[in-house]
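Participant: Okay, sequence plus prediction incoming.
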Amino acid sequence: MASWIPADKKRNVIPRWRDFKPTIELGELKPVAGTKKETAPASPSPFHTEKIQNWESEKTVKNAIELLNSSIVLDDQEHSLSTATFLNKSAESSRPLKKVAHQIIYPTDTDTSFEQLLDFDKFDIIIGKKIQRLRECLNHNPYNSISWIELARLFLIIGKEQAAERCILVATQLAPDNRYISRTGSRFFTHIGDYKKAQQILKANVAFKADPWLLSADIGIASLNNKSSYNIKIGRELVASRNYSPFDLNELLSALATEELNSGSIKNSKRLFNESLINPNDNAVAQAVWAGKHITNLNLNQGLFDRTPHIFEAKAYHFYYNKLWGNAYSSTMQWFIDQPFSSDPAVFGSFIATSVLEKYDEGIKIAKIGLKSTPNDFTLLNNLAFAYLKNNNIKEAQLTIAKIHAESLSDYQRVFYLATKGLLLYKLSQVEAGENLYNEASNLADKTKNKKLQLLSDFHHLIAKVELQTSEQNLLKLDRLVKELEPMNEIYLQDVLNNLVKKLNSGNMPEA
Amino acid sequence: MSTLTQPNPALMLAGKKLANNWEVIDLIPKNPAGTGGNFSHSYNVVNWATGEKAFLKALDFSKAFKEADPVALINKLTGLFQFEQDVLERCRNKRLSRIINLIDSGMVPAEEGSDIPVPYLIMELASGDIYKQLDFSKINHAVNLRILHSISVALFQLHNNGIAHQDVKPSNVLVIENRPHKLGDLGRADLRGETTPYGLMAFAGDLSYAAPEVHYKAVSPDWVFKRIASDAYQMGSMIVFLYTQLSMTAIMKMHIAPEHNWTNWTQTYREVLPYLYVALEQSIDFFKEFVDDKELAEKLGELLFQLCDPDPNKRGHPKTITGKNKTISLERYNTIFDRLLKDYEMKALKLKLN
């Protein structure tokens, strides 16, 4: 059986690591409001004044060029526009001047560099091209720390963790005081499980104790490591100082709220979560959606979902819990493009595709791409094997199952592993052995006192049985299990059962 | 008697005979001539003994009398004029071949009906600045490379003599008939180890062509990394200008996110540098798009990465800026531009012969 991140799994406020361009667009790289200095307005530059005079007395291309350059540099929008309009129309104007003039007159984003990663068949080619381009850029511009980070991200997506680490180390050495570099560097080391190094990178930033974006990451990473950050007090002080905008504080508030929730202080946690939702980013909203399972009446309204950009993770879960499977799947795919190195969207996407929508080919592709960056991820391997089995590709399923390190699995994971292996044996017509494995899975779930898991295992066992041989009795049992599991947040099973019944009625299944 | 009622003597020099056989021909109208000081006027002059034509820059004190503190302003103008004359004399004495030549200097004494003398400088005559040579509809690589070579040599000559130009821009690159281009307007220059009128300023030239550290107010205290680095950046900016008619600073500004540009950035230069490297790369990509010779575009792009590095401590040729005794020197660029020009001419010749 396939799995995903259960709702009761702990979630922490870890920085997102997306492309540089969307990160800028989301406003996460603005200087924090607390560092704003009051400066006297600059006196007009005598050169600029003279260029304006020249332009006003004679509208020539030369005067327009001089004033355009000066106006762009000195933020004189009035003269930027007037000279750009002149140069855009002038027959004497050069191509680059016309291009810049056009950009000034019609300031729309014409960037088309973002390639559609959803084309799974071309995924490797697209990533390969991007890597090649970045390598060329870095040959010329080796001090570009952001390109090193971008390269690291691409390496991580294709599972080259060591190459990614080298790039991250170069970037953090080149620009230890840049927020984007520090946050993404720490995100990388969180990904590979080196929490100490992740926190070191954040602390090496000179602005660490004054920048809520860095403190929130530190608190989130400590929490992920089941520890409490030493900087919670400083975080609280920053919040109390009222020097920062609600947006600058949203992740910090969310991280502090999670800390309060973990320590059982629901009231404080609710207050902080609600404050974090005044002007949140997608990470804070996703955190609040997660916390909503533990705290009632958080200020999560539709408006928040509509106005928060890149809110794919939160939307995916939101749609899922509202049984809008198609929407949940497309949001998960957007989340996956946004964070392709993260196993979470790949896990959730492969789960929805395989278990809910029964799009096994899609589930296989997503899981395979997800496995590039996290090749040993049990959930992804298990989901992939399950998708192969449902697609009747027994050989690939066997190979995938063989890659799972069964010895290192937790009891929880082992239940899924045994159930998937049970299905494999059913598919190999070793019904008795398969039944034994399913029973073993159910018993293990019972032993670990996980009722939901036990019922889920039984449900999948019955599905396997029915798929092999239809039985009214088993269908009734399945119906009972669906009803039992529904209050436990396993809301998709009714659809699975309905699909099964449809298939039986259409004669796609063997009759009893 | 009010000075306002007096004719302005600095505008009355046409037809005058000056010392050393110079005769003033006519006043050069100001606005079409483009940028220049507000307190000076330009004339064509001729030496009637030798027939040499030249350019005269006359200091106009009369405007100063209309200002709030005329004494202070006259004092300042005199100092600036004297400084420019000193720098030009120094360049002449050192025989700096790519710097506009100071031929003579003097003063027209106050005459009847006027209380104001007119100091002047006579310099070699240029036929205009490089705007005259640029054909915006068609790139002329040979002309561009010749200009770049001349600027590089001129700056190297200045730097070798402890002078930083500080205002390298198209209107200060002068076209000399049948001879290489020369760099003019040394009024904003700074001298190493000496007190100069603009020595205390982070940057004295035209801000449209200034390096990013100037805009972010993060100029190094070290003379080389403040002044020579600034000239090196402006050299790079001239490469961009010749192909796009835009300064590197203007293009970079268009590629920097609003929250990171100098108008809005409130944190340290170190923190903003990573974003400037991204903007530099995008700006160079923009530049390369408009150089129709792809091989040349790559080579010039490489030079731009070196000359326009947003970190002045990393600016310049890799062989001089790295290592123990790191410094910024444009010497290697003289050879590079010379080679690029010869290679291009050879390539053009081959194409012609084929």
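Facilitator: Great, that's in hand.
Participant: Tell me who's in contact with residue 305.
Facilitator: Answering for chain A, as no chain was given. Residue A:305 sits next to A:285, A:311, A:314, A:315, A:318 when contact means C-beta atoms under 8 Å, 6 or more residues apart in numbering or on different chains. For glycine as for every other residue, the C-beta is placed from the backbone atoms N, C-alpha and C.
Participant: was after chain B, sorry
Facilitator: By C-beta under 8 Å, 6+ apart, the contact set of residue B:305 is A:140, A:141, B:280, B:284.
Participant: domains of chain B?
Facilitator: Per automatic domain parsing, the structural domains of chain B span B:3-124, B:128-353.
Participant: now, which of the contacts of residue B:305 sits nearest residue A:432?
Facilitator: Using C-beta to C-beta, residue A:141 is the member of the contacts of residue B:305 that lies nearest residue A:432, at 64.6 Å.
Participant: The closest one against residue A:147, yeah?
Facilitator: Yes: at 6.9 Å, residue A:141 counts as touching residue A:147 under the criterion of C-beta atoms under 8 Å.
Participant: anything in contact with each of these two?
Facilitator: Common neighbours of residue A:141 and residue A:147, counting by C-beta under 8 Å, 6+ apart, are B:277, B:281.
Participant: Between the two, point out the one with more neighbours.
Facilitator: Ranked by neighbour count (other C-beta atoms under 10 Å in any protein chain shown), residue A:141 and residue A:147 place residue A:147 first, with 25 against 19.
Participant: Mind telling me what element the more buried one is part of?
Facilitator: Residue A:147 belongs to helix A:145-157 when elements are defined using DSSP states H and E.
Participant: can you list contacts of that helix?
Facilitator: Residues from elsewhere that reach helix A:145-157 (C-beta under 8 Å, 6+ apart): A:17, A:19-20, A:127, A:130-131, A:134-135, A:137-138, A:141, A:161, A:163-165, A:167-168, A:170-172, A:174-175, A:178, A:180-181, A:184-185, A:188, A:191, A:340-341, A:372-373, B:274-275, B:277-278, B:281.
Participant: now do stretch A:318-337
Facilitator: Defining contact as C-beta under 8 Å, 6+ apart, one finds that stretch A:318-337 is touched by A:117-118, A:289, A:305, A:312-313, A:315-317, A:344-346, A:348-349, A:352-353, A:356-357, A:366, A:370, A:489, A:491-492, A:495.
Participant: Weed out the non-buried ones from those residues.
Facilitator: Buried subset of the contacts of stretch A:318-337 (neighbour count, 16 or more other C-beta atoms under 10 Å in any protein chain shown): A:117, A:289, A:312-313, A:315-317, A:344-346, A:348-349, A:352-353, A:356-357, A:366, A:370, A:491-492, A:495.
Participant: Counting neighbours, what do you get for residue A:125?
Facilitator: Counted with other C-beta under 10 Å, the neighbours of residue A:125 add up to 11.
Participant: Next, work out how far apart it and residue A:158 are.
Facilitator: 11 Å (C-beta to C-beta, to the nearest Å).
Participant: so where is the stretch 401-512 of chain A shaky, pLDDT-wise?
Facilitator: The stretch 401-512 of chain A contains residues with pLDDT under 70 at A:489, A:507-512.
Participant: For the stretch 101-250 of chain B, what lies in contact range of chain A?
Facilitator: Contacts of the stretch 101-250 of chain B with chain A, taken as C-beta under 8 Å from any C-beta of the partner chain, map to B:131, B:136-137, B:171, B:205-210, B:215, B:243-247, B:249-250.
Participant: ok, 10 Å please
Facilitator: Remark: the part of the stretch 101-250 of chain B in contact with chain A comprises B:129, B:131-132, B:134-139, B:167, B:169-171, B:205-210, B:215, B:217, B:237, B:240-241, B:243-250, using C-beta under 10 Å from any C-beta of the partner chain.
Participant: Now list the buried members of the residues you listed.
Facilitator: Neighbour-count burial (16+ other C-beta under 10 Å) is assigned, among those, to B:129, B:131, B:134, B:136, B:139, B:167, B:169-171, B:205-210, B:215, B:237, B:240-241, B:243-250.
Participant: Out of those residues, name the ones that lie in strands.
Facilitator: Counted as lying in strands by DSSP state E, out of these, are residue B:129.
Participant: and the buried ones among the residues of the stretch 101-250 of chain B next to chain A, which of them are in helices?
Facilitator: Counted as lying in helices by DSSP state H, out of these, are B:215, B:237, B:240, B:241, B:243, B:244, B:248, B:249, B:250.
Participant: Settle this for me: the second one is touching residue B:173, isn't it.
Facilitator: Pointing back at residue B:237 there. No: Residue B:237 lies out of contact with residue B:173 (C-beta atoms under 10 Å); the separation is 11.7 Å.
Participant: If you count neighbours, what's buried in the helix or strand hosting residue A:257?
Facilitator: For residue A:257, the element it lies in under DSSP H and E is helix A:246-262. By neighbour count on 16+ other C-beta under 10 Å, the buried set for helix A:246-262 is A:247-261.
Participant: Over to stretch B:334-347?
Facilitator: B:334, B:336, B:337, B:338, B:340, B:341, B:344.
Participant: That one - what's its average pLDDT?
Facilitator: Stretch B:334-347 shows a mean pLDDT of 94.
Participant: So what touches it?
Facilitator: Stretch B:334-347 is touched from outside by B:141-157, B:235, B:239, B:293, B:295-296, B:299-300, B:302-303, B:306, B:317, B:330, B:333, with contacts defined as C-beta atoms under 10 Å, 6 or more residues apart in numbering or on different chains.
Participant: swap in stretch A:466-474?
Facilitator: Here stretch A:466-474 makes contact (C-beta under 10 Å, 6+ apart) with A:390, A:423, A:426-427, A:429, A:431, A:434, A:461-465, A:475, A:477-478, A:497, A:500-501, A:503-504, A:508-512.
Participant: from the middle of its chain, how far away would that stretch be?
Facilitator: Taking C-alpha atoms, centre = their mean, to the nearest Å, one finds the center of stretch A:466-474 at 40 Å from the center of the full chain.
Participant: Any idea how far apart the tips of it sit?
Facilitator: In stretch A:466-474, first residue to last residue: 7 Å (C-alpha to C-alpha, to the nearest Å).
Participant: How many residues are close by residue 283?
Facilitator: Assuming you mean chain A. Residues contacting residue A:283 under the criterion other C-beta under 10 Å number 27.
Participant: wrong one, chain B
Facilitator: 25.
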